[in-house]
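Peer 1: Got a predicted structure here, sequence first:
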Amino acid sequence: RHTFFSIILYVSPQGWERQIVVGICAMMKKSMSKPMTQILERLCKFEYITVVIFSEDVILNEPVEQWPLCDCLISFHSKGFPLDKAVSYAKLRNPLLINDLNMQYFIQDRREVYRILREEGIDLPRYAVLNRDPDRPQECSLIESDDHVEVNGEIFQKPFVEKPVCAEDHNVYIYYPTSAGGGSQRLFRKIGSRSSVYSPESSVRKTGSYIYEEFMPTDGTDVKVYTVGPDYAHAEARKSPALDGKVERDSEGKEIRYPVMLTAMEKLVARKVCLAFKQTVCGFDLLRANGHSFVCDVNGFSFVKNSMKYYDDCAKILGNIVMRELAPQFHIPWSIPTEAEDIPIVPTTSGTMMELRCVIAVIRHGDRTPKQKMKMEVRNPMFFELFEKYGGYKTGKLKLKKPKQLQELLDIARQLLADLGQHNDCEIEEKKSKLEQLRTVLEMYGHFSGINRKVQLTYLPHGQPKTSSEEEDTQKEDPSLLLVLKWGGELTPAGRIQAEELGRAFRYMYPGGQGDYAGFPGCGLLRLHSTYRHDLKIYASDEGRVQMTAAAFAKGLLALEGELTPILVQMVKSANMNGLLDSDSDSLTGCQRRVKACLHEIMQKDSCFSEEDFRRLAPTNSPSLVNSMKVVENPVKTCDQVYTLIQSLTSQIRRKLENPESADLQLYHSETLELMLQRWSKLERDFRSKNGRYEISKIPDIYDCVKYDVQHNSSLGLEDMRELFRLSRALADIIIPQEYGINKAEKLDIAYAYCLPLVKKIQLDLQRTHEDESVNKLHPLYSRGVMSPGRHVRTRLYFTSESHVHSLLNIFRYGGLLNEGKDEQWKRAVDYLGAVSELNYMTQIVIMLYEDNNKDPSSEERFHVELHFSPGVKGCEDEENVPLGFGFRPASVGVRVSTQRDPGSLEDLSCDEPDCIALLSEPARIQRRSPLIHKCNTGSMEVRQKAKRLHLLYLCVSVAGFEGCSMVPSIHPLETLHNSLSLKQMDEFLTDVSDADIPPALSTILECQSQPSVDNYLPERVLSPAASLRCKFRRSSVVKVHCWGFLCWSW
C-alpha cells in the first residue's frame, strides 16, 4: 500500500538514522508531474529527509488509517481529490502541514477568496456578487442594459468581467462595449493552443451565480505569482488569454512565460496572500493596471514550470522549513545555511553601437469607405425631448453614438414619416426627403454600432442663419436643432490588412533577434516584449476607423491572433478627452476660415491660372501643388468636366440598376448599386448649386468616392472613371493641402490649432529617457544577452486622421527645425516633401531616439534623433511620377560600425547579439517586397527566409481578387528626412513650437490642453530623482503614473 519511488527516495549514507518523512498526498497527475519530480529530487538531497508519495489508489480507496505515516504532509486539492479524507488524516496523524487543508475549501469558492483578500486589505478590482439563491433574494438583482449591468445596485460599464463563483469553473466571460464592436471573449481552461474564443453574444448569462468585476486594462499581459513561504515569490508574465485566445508555446509545446521582478508593494501582497490562506506553496494572479496591482484570483498549491532556478529555490526553502520545524524534536543537528546573494552580470555596450531608446510614430488610419454627411434643421418637440434627455442643454451640443440613443432617433424618424403618410397637411416642418434619408441610414446593416454611425445635435437659439434673400423671407427665429448625421468612413477589409501588415513590417525598425529569435529579422521587437523591456502605448482618436486601424496594427506588431475587438479594448487608449488626437471643427481659428474663403475665390475664376494666382495659391513653390495647378489650368472648366463625368456616372449606375442581370450585384464591402447611386447622386446635387457656382469643399469628397470605386469597384466597368479620378485628384491636390494654410504663417497657425497638444506630448516622450526604480523590469538572473536589462525601449504610437498628419508635417517642415541653406540633408528632405502630392492612408511620421552609452552623459552626442516619413499607401496610378527619397537610415558622416565584443563579458554571446543598432555605413537597401507570408509559422512570426543583416522591410504585396473585386495596395517604405539630429536640437525646436505666439482664440483652447515643457535642456535620465522633481514647467504639471505590462508611463 505504500508506494516508494527510488528516483526520489533518499537514505542517509550513515545508515538508517531517524529520518523526517515528508508525505506527498495528491492526485497522481500532480504528484508525478515534472515540476513536482524536479523539486522532490532536490528535496531528497537534504540528509535527514525522506519522501513518500501516496499512491492514488490508496488515497481514493483506502481508509485514512491505512495511509502511510509521515511527519510532514504536502497535500492539495485538484479535480477528483478527496479533500475530506485528507483533512481526516491530518486530524488523525497531526503532521506538519505545508499547506493548510481547511483553507483549501475557501479557495474553491471565489466569493470566499475575495472576502479574505478584502479583509486583508489587498487591492481587488471593483466587484459585486450575484447569488442566484432563493434564500438570499437581496443578492440576485441584475438589470442588464446595452453597455452596462447593474448588480445589486452596483453599475459595471462594459468592458466588465463575469466569473462563476466556483473556482473550478474556468468559463470566465469578458463583455465588450458596442462602441468597440460588442460581443464577448469567452475564457476557458486551455485546450490545445486555445484559451479563449471571441463570441458575438453580448448578453450576460441568465443562470448560475457569478462575480461581476470591473475590467482592468493590463494591455494584454497577466502576471502569475508563486510563493514558497511568506518571504519568497517568483513572478512570471504571460500573454493574457483575453487578448486573442492563442496560447504562446515554445518548441517543446510549453506555454511561454517570462520571469519578471515584483515591486516592494507586490512582494508585500505575496506575503499577505501566503499567510492569509495559510498556503506555503501558493499561486495567485496579479493584474497590473493604472499604476496599481490587483489580485484577481488565488489558485492555491501550484508550481512554476520549466525553471531550474525555481526548482532549486523551492526545494531549498521547503527543506529548510521542514528542518527548522522538526529537526529539534528529533534531535537532528541542523542549522540554516547562509549563502552570498547572486550578483547579476550583464554584457556592456562597446564601440559606436547605439542603443534604441524611443520610437514615436504618428500614423493615419487605413483604407476606409467614403465618408458621408447629411444636415437638417429640426424643430419637432420629440427631437428637443431627446436633446434634453441626454444632457444636451449643458453644453448646447450632443453626440449620439450608443445603440439605444440611435434607436430612439430612428423611432422619431419613423413616427414623423408615418404621420406624414397619414396626414399630408400635418404640421411637420422637417423635410420628408431628409427624414427618409435619416431613417435609411439608421436602418443600414440591421444593427447599431457606434463605430458605424453617429449623430450630432447642436442647439440654435434663433434658428439656422439663412444664406439667401429668399430664405430670409421665410426665416423663423424660434429655437431649433441642427442635426448632423455622419455615416460611412468605416475601415475596410483592405484597410485592416494594410494596418496589420504595416504592424508586422514595423518590427523591422527594432534591432535584435537573439535567443529563440536568432536569425529571424523583425523578431527583436518580440524579444523586447518577452524580456519586459518594451514600454508600449497606443493612442487613437475616437473615430471608429482610427481605433480599428490601431487595433489591426497592434495585432500585426505583436503577432496576435483573433478578432480586433479584444485587442482594441485592451491595447488601444482613446485620447479624445484631452484633445490629443481629435479636433472640434467649431473650435478652428479664423485663419482657417480666411484660407477657405481665399481658396473658394481663386477656384471660382473661369480663366486659366495666372502668374498672380500661382503666387497667391502656391507661395511655397511646392512642386506637387504647382504641377496640379498646371493640370487643372482653368478651375471652373475642370469643375465643369468633373460635374459632367459625375452625371455620366450616375446615369450608368441607373442603367445597371434597371438591368435585371446586375440589379442585385454586390459591390465591395457589401455595398449595393442603390447605395452607390445614393452617394454619387448626393455629390451631384451638392457639388453645383442652382446658380451654377461650385461648392469647392465637396472636391475632397468627390476624390474620396472616385478613389474608392477605382480601387474597389473597378469590375463594374464604368466608363470614364479614370478620367474622373485624374481630374478630381488634381483638384484635390490643390484644395486638401492648402486647406491647412496657403503660406507658411497660415500653415503654422492652423497646425498649432490641430496638434499643439500632440507636439507637447511628443516632447515629453523624448525627454523621458531616465531610469525609474518603480518601472517593472526583467529579473536580472534571466537577462543573459540583454543589454541594459533595467532599461526600456519606449514606443508611442498615435493613430489619427488626415488633419493631424498634415499639421504635424507642416510644423516640422515650416517651423524652423533646421536651416535649409546650411543643412544639405534637410534641403533634400524638404524638396522630397514638396514633391509628395498626397498624404494617403497609413501615412507615417516616425521619430527614433538612440543613445550612445560611450559618450559623456552631458554631451550633445549622447542622444541621437532621426526623423522618418512615408506618404502611406501607393496610389492607383502608375509609379512613374512618384518622388524618390534617399532610403531608410542612409549613411551618417564619420560613423563606423564596431562589432568588437566587450572583453569584460563573462559569457560567450557568439549566438546572442546585444540589443543595439549601429549607424549604417552605407545606404540601406530598401526591399520592395515583404518577407512576411502566411501559413508558415516560426514561433509567432511568419518569415520567408533568414536575413543576415538588418533591413527595413515594408509591406509591398498586392492581393488580387480580394472579396472578389478588390486589391490591397502596397505602402511606400519609410524615407529618412534627417538622421543626425541631437536630442538638444529636437527638444529646443519642440519647446519653441510649444511656446510660439498663438492667436488669442487658440490660446483659450490650449489652456486646458497644455503640457509641460522643460526650461533648460538636460537629458532627464542623468538627473537624480530629486532633481527630476525640481524641473519647472511653464504651464502645468504632469502626474506620472506607472502601469504594468507593455506600458510604463501614462499621460
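Peer 2: Perfect, thanks for sending it.
Peer 1: what about Glu612, which SS state?
Peer 2: In three-state terms, and counting by DSSP: H, G, I helix; E, B strand; the rest coil, Glu612 is helix.
Peer 1: and it, how many neighbours does it have?
Peer 2: The criterion is other CB atoms under 10 Å. On that basis, Glu612 has 9 neighbouring residues. All C-beta spots, glycine's among them, are computed from the backbone N, C-alpha and C.
Peer 1: repeat for Glu477
Peer 2: Here the number of neighbours of Glu477 (other CB under 10 Å) works out to 9.
Peer 1: now swap in Asp720 and tell me
Peer 2: Asp720 sits with 16 neighbouring residues when counted by other CB under 10 Å.
Peer 1: Need the phi and psi values for it.
Peer 2: For Asp720, the backbone dihedrals (degrees, to the nearest 10) come out as phi 60, psi 20.
Peer 1: Thought Thr644 was touching it, still the case?
Peer 2: No - judged on CB atoms under 8 Å, Asp720 makes no contact with Thr644 at a distance of 9.2 Å.
Peer 1: Can you show me the helices along the stretch 301-450 of the chain?
Peer 2: Assigned by DSSP state H, counting those that start in this stretch, the stretch 301-450 of the chain shows helices spanning 308-326, 381-389, 403-422, 432-443.
Peer 1: Give the buried residues for the first one.
Peer 2: Residues of helix 308-326 classed as buried by neighbour count (16 or more other CB atoms under 10 Å): 310-311, 313-323, 326.
Peer 1: with the residues you listed in mind, which one is nearest to Ser982?
Peer 2: Each of the buried residues of helix 308-326 was scored against Ser982 by CB to CB, and Tyr310 proved nearest at 45.1 Å.
Peer 1: what sits against that closest one?
Peer 2: By CB atoms under 8 Å, 6 or more residues apart in numbering, Tyr310 lies in contact with 226, 234, 303-304.
Peer 1: quick one on the thing from earlier: go through the buried residues of helix 308-326 and say which is closest to Ile191.
Peer 2: Within the buried residues of helix 308-326, distances to Ile191 taken as CB to CB reach their minimum at Tyr310, with 26.1 Å.
Peer 1: Output the contacts of Tyr310 in JSON lines; the columns should cover pLDDT and distance to Val58.
Peer 2: As requested, the contacts of Tyr310 are arranged in JSON lines below (pLDDT from 0 to 100; distance: CB to CB, whole Å):
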{"residue": "Tyr226", "pLDDT": "93", "distance to Val58": "28"}
{"residue": "His234", "pLDDT": "86", "distance to Val58": "32"}
{"residue": "Phe303", "pLDDT": "86", "distance to Val58": "23"}
{"residue": "Val304", "pLDDT": "86", "distance to Val58": "28"}
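Peer 1: State the mean pLDDT of stretch 395-405.
Peer 2: Mean pLDDT, stretch 395-405: 87.
Peer 1: Start and end of it, how far apart?
Peer 2: Between the opening and closing residues of stretch 395-405 we find a distance of 18 Å, counting by CA to CA, to the nearest Å.
Peer 1: Show me which residues of it are buried.
Peer 2: 398-403, 405.
Peer 1: got the phi/psi numbers for Phe609?
Peer 2: Dihedral angles of Phe609 (phi, psi; degrees, to the nearest 10) stand at phi -60, psi 130.
Peer 1: How many residues are close by it?
Peer 2: Residues within reach of Phe609, counting by other CB under 10 Å, total 21.
Peer 1: quick one: it and Ser628 touch, right?
Peer 2: No - taking contacts as CB under 8 Å, Phe609 lies outside contact range of Ser628: 10.4 Å.
Peer 1: Can you give me the pLDDT of Thr474?
Peer 2: 52.
Peer 1: Same question for Ser940.
Peer 2: On pLDDT, Ser940 comes in at 30.
Peer 1: what's the answer for the one 5 residues further on, then?
Peer 2: At Gln945, the predicted lDDT confidence score is 30.
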